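Chemist: Give me coordinates for this.
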Amino acid sequence: MRKILVTLLFTLTFLFSQGQTSVSFQHLGNATFQNNLLNPSLIPEGKFFLGLPVLSGIHVHVNNKVSYNETFTKEAGVVSIDMDKVISNLQNQNMLSAHANINLLHLGFKTKNGVLLSLTANERIEADFLYSKELVDYVFNGNTGFLNEQVEVSKVGAVANHFREFGLGLAAPINEQLTIGFRGKFLIGFANASTPGNFSANLETDGEAFQISADWKNATLRTSGFDIYSGDEGDLGSHLAFNGNTGFALDLGGTYRLNRYYTITGSVRDLGFINWNENIKNRSLNDTTFRYNGVDISELDNIQKTLEDSLISKFKPTENNETYRSWLPVTANGSWIYHYTPNLDFYATVGARLIQRQFKMLYGGGMTYKFGKAFTASASATKLPQQFFNLGAAITAKGGPVQMYVAVDQIINFSVPDAKSLDFRFGINFIFNKRQSKESKSSLSGGSTLSGARGLDTNAFLGQKVKTKKREGIYSIIKRQKRRELKNKRTQKEGGVRTKSLNGLSGKKKAGSE
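Modeler: Residues are numbered from 1 along each chain as shown. Below you'll find the model as predicted:
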């Protein structure tokens, strides 16, 4: 059985080397410090943790509904966009996401009670664009296919951020079953482009008169920082060091061990906002409702003025420099873990990301195996938003104080022209003073307890407290107890009153053994 699992996990890890999501990485449990960034309640094994800029963490994620081959067509040596092909491959609601995160620094320290204190800094560039199939079809093929139908333009939304976060985290075991964690984050924003969450718009074409009715509210594109990036204003170096675009966010996590076989764990991240105060340019359309009846052919001599009066004026944007607040897309994940053996776990995971009032769901399942103290590997199947099921894998390797990890969630038979998504993580950490003789293992595997669990060094045997040598799963190993010592202890506890011989408890049953 073990040989089969080893072969399977390593085959998945090294053969499937392109990715989509971070589900396989999440299924590593608490194997790396970066798992604590995804779930603040996960406490990695070790005493002191150090992550150096860039080296300790790089994460790249892309998710698109259409691939290169589904977008472009080559005819007579000329490559062009084929909109009919694009529209035929879209679903009702679509998204384009591109994220790049870099770990700038992390410091972590675990106290004697198993509490993890951490300081983190990360650079994050994230962009999400939402759009509907019917709007793309309406724009490129006209309104004839939507007679007497309402096209909801409000399903379009965008949020793009470049910001830096500084976090202070704490993860603490409450008892042997429950561990909670949180991280407060101070944010510095560098660039933003977003639409407000309350934007709404609709288009409708009359089936007989072909009149177009339209109405919209809060149609605004808000931007900050782009003129600084282009060099038209300010100094980019000082802007990236510190500026007036600041905000706050909170990450929450919890892990609860139901019993020897089951654990549930989950987190909610990026509950926060950024106030954009510098280099603001907002472009808006005034709230309006109108009906466009077309152009009177008798006025063709003055068609430009006619169009301006009847249509173009409705779409003329206004500009302002008002400051604004944008909320971060919130991410939530939860897992149900079955501890099959002390080294083998099975995961079922569900996740959601809230973008512009729309939930994007993912589902995953997989297994994780610990190969001694040096290696941990996971293999997963994942269902991403707007994607088919895919396989992924992750692995950590440790030698001395150095730990390396790599994680990929990918499409089977991956090829660049057909790729619709990519997710890749890589990093090298430093872990020092790893002691586990007097503290519990903090892994989520079946043969361990939560880090810092109370009562680990003591146990009860025949009503008396005895010192625990070690634990193996649900079993506690204690020193061999002498019959006379047990008898004396019980006699002292009862105030010197004589009690029955311990042999009388069960005939001549032995009182203590390993």
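Chemist: Could you point out which residue ranges in the stretch 401-514 of the chain have low pLDDT?
Modeler: 410-414, 434-476, 481-514 (pLDDT under 70).
Chemist: whoops, the stretch 251-400 of the chain was the one
Modeler: Residue ranges of the stretch 251-400 of the chain with pLDDT under 70: 290-315.
Chemist: For it, which segments count as strands?
Modeler: For the stretch 251-400 of the chain, the strands defined by DSSP state E, counting those that start in this stretch cover 262-276, 280-285, 288-292, 318-320, 324-327, 330-339, 344-355, 358-371, 375-383, 389-399.
Chemist: I'd like those written out as TSV, with distance to residue 253 added.
Modeler: In short, each C-beta sits where N, CA and C put it, glycine included. Shown next, in TSV, are these (distance: least, C-beta to C-beta, whole Å):
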stretch	distance to residue 253
strand 262-276	4
strand 280-285	35
strand 288-292	46
strand 318-320	40
strand 324-327	20
strand 330-339	9
strand 344-355	13
strand 358-371	18
strand 375-383	19
strand 389-399	19
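Chemist: what number of residues lie near residue 96?
Modeler: By the measure other C-beta atoms under 10 Å, the count of residues near residue 96 is 16.
Chemist: what secondary structure does it sit in?
Modeler: Under DSSP: H, G, I helix; E, B strand; the rest coil, the three-state class of residue 96 is strand.
Chemist: Bridge partners for it, pull those for me.
Modeler: Beta-bridge partners of residue 96, counted by DSSP bridges, are residue 64, residue 129.
Chemist: wait, what's in contact with it?
Modeler: Each residue near residue 96 by C-beta atoms under 8 Å, 6 or more residues apart in numbering is listed here: 63-65, 127-129, 131.
Chemist: any idea of the pLDDT on it?
Modeler: Looking at residue 96, its pLDDT is 91.
Chemist: doesn't residue 352 make contact with residue 331?
Modeler: Yes: counting by C-beta atoms under 8 Å, residue 352 is a contact partner of residue 331 at 7.4 Å.
Chemist: and those two? which has more neighbours close in?
Modeler: Between residue 331 and residue 352, counted using other C-beta under 10 Å, residue 331 has the larger neighbour count: 18 against 15.
Chemist: Specify the beta-bridge partners of that one.
Modeler: With DSSP bridges as the rule, residue 331 is bridged to residue 269, residue 353.
Chemist: how near is it to residue 127?
Modeler: Residue 331 sits at a distance of 15 Å from residue 127 (criterion: C-beta to C-beta, to the nearest Å).
Chemist: one step back: any idea which of the contacts of residue 96 is closest to residue 362?
Modeler: residue 63 (9.8 Å; C-beta to C-beta).
Chemist: what's around that closest one, how many residues?
Modeler: 22.
Chemist: Same question for the one 4 residues further on.
Modeler: Counted with other C-beta under 10 Å, the neighbours of residue 67 add up to 17.
Chemist: what does residue 242 give?
Modeler: 10.
Chemist: again with residue 288
Modeler: So residue 288, with other C-beta under 10 Å, has 13 neighbours.
Chemist: Going along the chain, name the helices of the stretch 151-300 of the chain.
Modeler: Counting by DSSP state H, counting those that start in this stretch, the stretch 151-300 of the chain has helices at residues 226-230, 236-241.
Chemist: how about residue 141, phi and psi?
Modeler: phi -110, psi 0 (degrees, to the nearest 10).
Chemist: I'd like the numbering to begin with 390 instead of 1 from here.
Modeler: With 390 as the first residue, the last one maps to residue 530.
Chemist: Poorly predicted segments of the stretch 390-539 of the chain, please.
Modeler: Along the stretch 390-539 of the chain, segments meeting pLDDT under 70 span 390-410.
Chemist: Would you map the strands across it?
Modeler: According to DSSP E, counting those that start in this stretch, the strands that the stretch 390-539 of the chain contains are 437-440, 447-453, 461-464, 467-470, 482-499, 505-521, 539-541.
Chemist: Format these as a markdown table; extra columns: distance to residue 605.
Modeler: Output for these, formatted as a markdown table (distance: least, C-beta to C-beta, whole Å):
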| stretch | distance to residue 605 |
| --- | --- |
| strand 437-440 | 46 |
| strand 447-453 | 27 |
| strand 461-464 | 32 |
| strand 467-470 | 27 |
| strand 482-499 | 19 |
| strand 505-521 | 15 |
| strand 539-541 | 11 |
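Chemist: Out of those strands, flag the one nearest residue 421.
Modeler: Of all these, strand 437-440 comes closest under C-beta to C-beta, at 9.3 Å.
Chemist: Could you list the buried residues of that closest one?
Modeler: 438, 440 (16 or more other C-beta atoms under 10 Å).
Chemist: which residues touch residue 751?
Modeler: Per C-beta under 8 Å, 6+ apart, neighbours of residue 751: 410, 412, 739-741, 771-774.
Chemist: Please repeat the previous calculation with a cut-off of 7 Å.
Modeler: Residues counted as contacts of residue 751 (C-beta atoms under 7 Å, 6 or more residues apart in numbering) are 410, 412, 740, 771-774.
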